[in-house]
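Colleague: Let's see this in three dimensions:
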Amino acid sequence: MTETIPIDQLVLGIDVGGTYTDFTAYDETADALYEHKTRSTPANPSDAVLTGISELADRFGISRESLLNRTRLIVHGTTIATNAVLTGDGATTGLLTTEGFRDVLEMRRGIRSRENLYNNKYEPPEPLVPRHRRVGVTERVNADGDVVTPLDTDSLETAAEGFDDVDAVAICFMHSYANGEHETQAETFIEETVDDAFVTVSSDVLPEAGHYSRVSTTAMNAYVGPVVERYLNALEERLETNGFSGSLQIMQSNGGIAPPGSVIKRPATTVLSGPAGAPVGANQFAEDLGFDRAVVADMGGTSFDVSLVSDGSVNVTTDGEINRQPVSLPMCDVNTIGAGGGSIAWVDDGGLLRIGPDSAGADPGPACYGRGGEQPTCTDADLLLGYLNPEKFVDGTFDVEAAETAVASVADELGYDLNEAASGIFDIINLSMARAIEDITLSAGYDPREFPLAIGGGAGPIHAAGIAHELDIETIIIPQISPVLAAFGMLTADLRHDYVRGFHDQWADIDAPTIRETIYEMVGEGREALDDEGVAREHQRMQPAIDLRYRGQHHELTIDVPMDEIERGELDRVPDRFDEKHESLYGYAMEGEPLEVLSLRVTAEGIREGVLNDEEITGDVTRTGVRTIRDPVSKDSVEATIYEGATMDPDESIPGPAVIESPSTAIVVPSTFTCESDQRGSFVLNAGGGSNE
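Modeller: Next up is the predicted model:
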């Protein structure tokens, strides 16, 4: 094959998933986008990264070294931090805190989680740092930042002696958001006395009020720090050894990207690195169709990730969790459940059919992959229901007999025939995914029926119509590169850095010049970071925000404030914006009630150019035959027209029932839907227009 990629004109997006590692390659000169998948390697994710790059190079008839030499930028979404927390394989961590507060991690907020308020048997998760490695030292700073008790060096030395066996140390003192001097002193001492330890302090990671949130987030940062640092250093070395001299950027949980050096300092910013790519990518496709909001779903092999795009931007929260461990850093508001193509079907003690959360993963994978898997999975059911072509699997052909044997194991236990069992698997996993969408939309004050569903992942287009039907969603957007949607999002993501300062005061007593001074300080830090990353000033965007709550409330809301209002000191509209957001989320507002300020924030973004231009993408889908499938809406067996093709002409319309097959997925169009295409080549399913309308 001839070379088609000019030197220094390739951009790669890489998303490591549980079953597959996804790639998007964008040729900037030819304005051409390529997608690719390779099997993930959980033991060392970078192996799949290098393997996939080699396979991409083979497609272009060049060596891996030649392809990397022609690559200007790689944006990488990593699951390293996520997996460390989920599996408990993070660093051996010590916690240094103010004397008398070593048990804050154990006490949490003194209440059960919101999901378990009425469960008197609820057991909280084990702290990331066990009690024997949590040590208090003599020191105290009050909420105004005044030193009440100086840092006692003797107690610090005693604490350090207990950290001989740790790989990381988290330092979090009382009220250090108001004055971090003691933390800085302790950090210097620990770095000098504890060999090779990864040391992190709360006044750098999360300088805001809320002691438990600060302790938990700082402990998380330390826990994943050495793991992330080793992985990124090794990945950079392997890429450079193979000819890469361009820029490596890492996808963060907040939907932005940052260089490895920045991420290594705050590795907890990557705990949702992979899932953050999908909403960023889907946002572009939704905007092309005139939608300023969308429900975004990404159904891969092991998980189903749901997020929201509203007002043209991804919804971000500072009240997130990973494996029930709170993380208060800005991250895309993603609801993740164990539902994917590899999710395993099983029968519980009560005789009910269940799906997930366990997954067959990448090895061995679903039974139909023919790699030794024996347990029934969602993909096995999809194959038996006619949604997948047995002859067209990304790695060859599907093993239908193995799928039948696997699904028969639960069918026999339930007293079902094979079709009933496969149908049950399909319907139950769709219901689970629909509930996940309801959870994230309703909790944010939205009705899912008012949103289009933008869906990606290899399994997403197969289940999209079934999920939409459960929620009465009428429009489904299946992006042109839906099987690798998260990897595409990494190509479109902007550089992003988030800054926060604790600023606890009554709104009635605030001093606008002081707020402006604090905001300017964070803006300066953001501009310095973006300058170092080569972002021109005209491409830098600063977004200030203020955390507010009604006096006496436990939780606060983040209210964006235009930069020009900060500059002029005109903050009169902020209370009204808070009331409006409060009413939208909770159904009421207490206008005129006193407000408290908790924190000031600045988001610094480096705006990058889009990946695709506005030229119309056209293509032809070819009718290849007819196949019997189970209609996801009517539940009847129907004869579906089979088409093949990755894009189609925008003037074309395909009525259901139909299945549109492409190399990495299949789009199932029920009898009551029609499928059309937009100028980007995305498939758009609309309810109410099929052949059986």
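Colleague: so the most centrally placed residue in the chain, which of the three states?
Modeller: The centre of the chain sits closest to residue 275, judged by C-alpha atoms, centre = their mean, with a distance of 2.3 Å. State at residue 275, reduced to three classes by DSSP: H, G, I helix; E, B strand; the rest coil: coil.
Colleague: Please give me every residue in contact with it.
Modeller: 298, 303, 305, 307, 332, 334, 336, 486 (C-beta atoms under 8 Å, 6 or more residues apart in numbering). Where C-beta positions appear, they are placed from N, C-alpha and C, glycine not excepted.
Colleague: again with residue 212
Modeller: Residues counted as contacts of residue 212 (C-beta under 8 Å, 6+ apart) are 104, 105, 107, 108, 109, 326.
Colleague: The fifth one: what's it in contact with?
Modeller: With contacts taken as C-beta under 8 Å, 6+ apart, residue 109 has the following neighbours: residue 212.
Colleague: quick one: the strands in the stretch 551-693 of the chain?
Modeller: 557-560, 595-606, 622-630, 637-644, 654-655, 658-662, 665-669, 673-677, 683-687 (DSSP state E, counting those that start in this stretch).
Colleague: Tell me, how many residues neighbour the closest residue in space to residue 586 that isn't next to it in sequence?
Modeller: Among residues not flanking residue 586 along the chain, residue 445 sits closest, at 7.4 Å (C-beta to C-beta, 6 or more residues apart in numbering). Close neighbours of residue 445, defined as other C-beta atoms under 10 Å, add up to 13.
Colleague: which phi and psi does residue 53 have?
Modeller: phi -60, psi -40 (degrees, to the nearest 10).
Colleague: Return the distance of the closest residue to it other than its chain neighbours relative to residue 406.
Modeller: With sequence-adjacent residues excluded and distances taken as C-beta to C-beta, 6+ apart, residue 53 is closest to residue 64, at 5.5 Å. Separation of residue 64 from residue 406 (C-beta to C-beta, to the nearest Å) stands at 36 Å.
Colleague: cool, residue 82 as well?
Modeller: 28 Å.
Colleague: And for residue 68?
Modeller: Using C-beta to C-beta, one gets 40 Å for the distance from residue 68 to residue 406.
Colleague: just how off-centre is the lowest-mean-pLDDT helix or strand in the chain within its chain?
Modeller: Ranked by mean pLDDT, DSSP states H and E, the weakest helix or strand in the chain is strand 320-322, scoring a mean of 81. Strand 320-322 sits 11 Å away from the centroid of its parent chain (C-alpha atoms, centre = their mean, to the nearest Å).
Colleague: which helices and strands sit right next to that strand?
Modeller: helix 80-87, strand 325-327 (3 or more C-beta pairs under 8 Å, 6 or more residues apart in numbering; DSSP states H and E).
Colleague: any idea which helix or strand comes after the longest one?
Modeller: Scanning forward in sequence from helix 80-87, with DSSP states H and E defining helices and strands, the next element found is strand 93-98.
Colleague: go on, the last one?
Modeller: Taking DSSP H and E as the definition, the helix or strand that follows strand 325-327 towards the C-terminus is strand 331-332.
Colleague: More neighbours: residue 64 and residue 406, which one.
Modeller: Comparing residue 64 with residue 406 by other C-beta under 10 Å, the one with more neighbours is residue 406, at 25 against 19.
Colleague: If you count neighbours, what's buried in the host helix or strand of the more buried one?
Modeller: Per DSSP H and E, residue 406 falls inside helix 400-414. By 16 or more other C-beta atoms under 10 Å, the buried positions in helix 400-414 come out as 400, 402, 403, 404, 406, 407, 408, 409, 410, 411.
Colleague: Nearest to residue 225 among those residues?
Modeller: residue 406 (40.8 Å; C-beta to C-beta).
Colleague: ok, now which ones touch the residue nearest to residue 586?
Modeller: 584, 585, 586, 587.
Colleague: Can I get those in a markdown table including neighbour count and distance to residue 12?
Modeller: Listed next are the contacts of residue 445 as a markdown table, based on neighbours: other C-beta atoms under 10 Å; distance: C-beta to C-beta, whole Å:
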| residue | neighbour count | distance to residue 12 |
| --- | --- | --- |
| 584 | 13 | 39 |
| 585 | 14 | 39 |
| 586 | 10 | 43 |
| 587 | 8 | 45 |
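Colleague: Which one of those is nearest to residue 685?
Modeller: Checking the contacts of residue 445 one by one against residue 685 (C-beta to C-beta), the nearest turns out to be residue 584, at 29.0 Å.
Colleague: backbone phi and psi for the nearest residue to residue 452 once chain neighbours are set aside, please?
Modeller: Residue nearest to residue 452 in three dimensions, not counting chain neighbours: residue 475, with 4.0 Å by C-beta to C-beta, 6+ apart. Per-residue torsions, residue 475: phi -120, psi 130 (degrees, to the nearest 10).
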